[in-house]
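[1] requesting a structural model of the entry that follows:
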Amino acid sequence: MAELGTTGAGGATGGGYDPQRIEAKWQRRWAEARVFESDADPSQRKYYVLEMLPYPSGTMHMGHMRNYAIGDVVARVKRMRGFNVLHPMGWDAFGLPAENAAIKNKTHPRIWTNNNIAQFQKVLRRFGFSYDWRREISTCEPEYYRWNQWFFLRMLEGGLAYRKKSRVNWCPKCCTVLANEQVINGGFCWRHEDTRVESREIEQWFLKTTAYSDQLLDDLKQLDGTWPERVILMQQNWIGKSQGAKVKFAVVDVRDAKPIEIFTTRIDTIYGALSLIHI
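    Numbers count the residues shown, from 1 in each chain. The predicted model follows:
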């Protein structure tokens, strides 16, 4: 690309690098040649690149840029090595954070979210990331979430979706549940660092992923040598399968007391258990 220019002895750049002109030119050429579009081709090796979809409750920041630049490098390298690369983009645009952001900015959630999506897309296109924009999705559109609802109903019918009470991390300002990783600085919300997270027991929906724990663990073996060992270990710990026994201890001298049931992975140490004492 001779347009980049050369540097003379005095350090001045001959011609210089004009990103507004050069990058726009090549991005137009890529679009005209449809180099990032991916269609089914059985004769080519397939490769799928998907970064975590951005949550457009706000506009793009450098954390997003880092994430999508890394994914774009992978997609381009694989494409240069002859793979038929599918590299889509979409928007994780459904949920309370988007609604809370809209309330804070006194804007209708749909307007606020779609404006942010438009800004995201403008920046991503300007950087020339290699997405097949024909495959763009947005999770807040009924054309998308109708399938979420369809899948949920199938899982409900199959006994894989159920309700029960469980203790959760609750942010009173977000008005939503937080993952353990979103509780920071000794008990505060990651979005509102001045708001202490509460522990609440609420009824909620669960998906019975435990029905597939053995299959998930077995399939992780296929990733040996291709995924980092620490990532595989994290997945194994997340599945959290333990082999052991359930033991019931009788409660003595308490009328109508139910036995206390425990789970142990070391049943051989059961004889070292201490008796219960009333205080």
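
[2] domain assignment for this protein?
    Domain ranges of the chain: 25-137, 141-207, per the TED database.

[3] quick one: end-to-end distance for the first one.
    By that I understand domain 25-137. 27 Å (C-alpha to C-alpha, to the nearest Å).

[4] all numbers from here: first residue = 562
    Sounds good: first residue 562 from here, last item domain 586-698.

[5] closest one to Phe810 among the domains of the chain?
    For the domains of the chain, proximity to Phe810 was assessed by C-beta to C-beta; domain 702-768 is nearest, at 23.3 Å. No exception for glycine: its C-beta is placed from N, CA and C like everyone else's.

[6] most neighbours per residue, which of the domains of the chain?
    domain 586-698 (a mean of 15; mean count of other C-beta atoms under 10 Å).

[7] now do the one helix or strand Trp711 maps to, average pLDDT.
    Using DSSP states H and E, Trp711 falls within helix 703-718. For helix 703-718, the mean per-residue pLDDT is 95.

[8] please apply the same query to stretch 796-815.
    On average, the pLDDT along stretch 796-815 is 87.

[9] distance from it to the middle of the chain?
    Its chain's average C-alpha position is 31 Å from that of stretch 796-815, according to C-alpha atoms, centre = their mean, to the nearest Å.

[10] with stretch 636-643 instead?
    Averaged C-alpha coordinates place stretch 636-643 at 24 Å from its chain's average position (C-alpha atoms, centre = their mean).

[11] show residues contacting it.
    In this structure, residues lying in contact with stretch 636-643 by C-beta atoms under 8 Å, 6 or more residues apart in numbering are 596, 605-606, 608, 610, 646, 648, 691.

[12] what residue is smack in the middle of the protein?
    Central residue of the chain (C-alpha atoms, centre = their mean): Met613, 5.3 Å from the mean position.

[13] got the contact list for that one?
    Met613 sits next to 628, 653 when contact means C-beta under 8 Å, 6+ apart.

[14] so how far is Asn628 from it?
    Going from Met613 to Asn628 by C-beta to C-beta, to the nearest Å gives 7 Å.

[15] over to Thr700?
    From Thr700 to Asn628 the distance is 18 Å (C-beta to C-beta).

[16] what of Trp799?
    Trp799 sits 21 Å away from Asn628 when distances are taken as C-beta to C-beta.

[17] Cys736 too?
    From Cys736 across to Asn628, the span is 27 Å (C-beta to C-beta).

[18] again, but for Ile793
    Taking C-beta to C-beta, one finds Ile793 at 21 Å from Asn628.

[19] what of Tyr723?
    34 Å.

[20] and what of Val646?
    According to C-beta to C-beta, Val646 stands 18 Å off from Asn628.

[21] thinking again about what came up before, make TSV from the domains of the chain and add distance to Tyr578 to it.
    Formatted as TSV, the domains of the chain follow (distance: least, C-beta to C-beta, whole Å):
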stretch	distance to Tyr578
domain 586-698	12
domain 702-768	39
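
[22] kindly calculate the angle that the next helix or strand after the helix holding Trp711 makes with helix 703-718.
    For helix 703-718, the following helix or strand on the C-terminal side (DSSP H and E) is strand 722-732. Per axes from the mean of the first three to the mean of the last three C-alpha atoms, to 10 degrees, the angle that strand 722-732 makes with helix 703-718 is 120 degrees.

[23] so where's the chain shaky on pLDDT?
    The model of the chain has pLDDT under 70 over residues 562-576, 836-840.

[24] what about the helices in it?
    Ranges of helices in the chain, per DSSP state H, are 580-594, 623-641, 657-665, 670-687, 703-718, 774-781, 790-800.

[25] tell me what Trp766 is bridged to.
    Per DSSP bridges, the residues bridged to Trp766 are Arg724.

[26] that one touches Leu721, doesn't it?
    No - counting by C-beta atoms under 8 Å, Trp766 stays clear of Leu721, with 10.9 Å between them.

[27] need the residues touching each of those two.
    Contact criterion C-beta under 8 Å, 6+ apart; residues shared by Trp766 and Leu721: none found.

[28] mind listing residues that contact the helix holding Trp711?
    With C-beta under 8 Å, 6+ apart, helix 703-718 has contacts from 655, 698-700, 722, 768.

[29] farthest-apart pair in the residues you listed, please.
    For the contacts of helix 703-718, the farthest-apart pair by C-beta to C-beta is Ser699 and Ala722; their separation is 24.2 Å.
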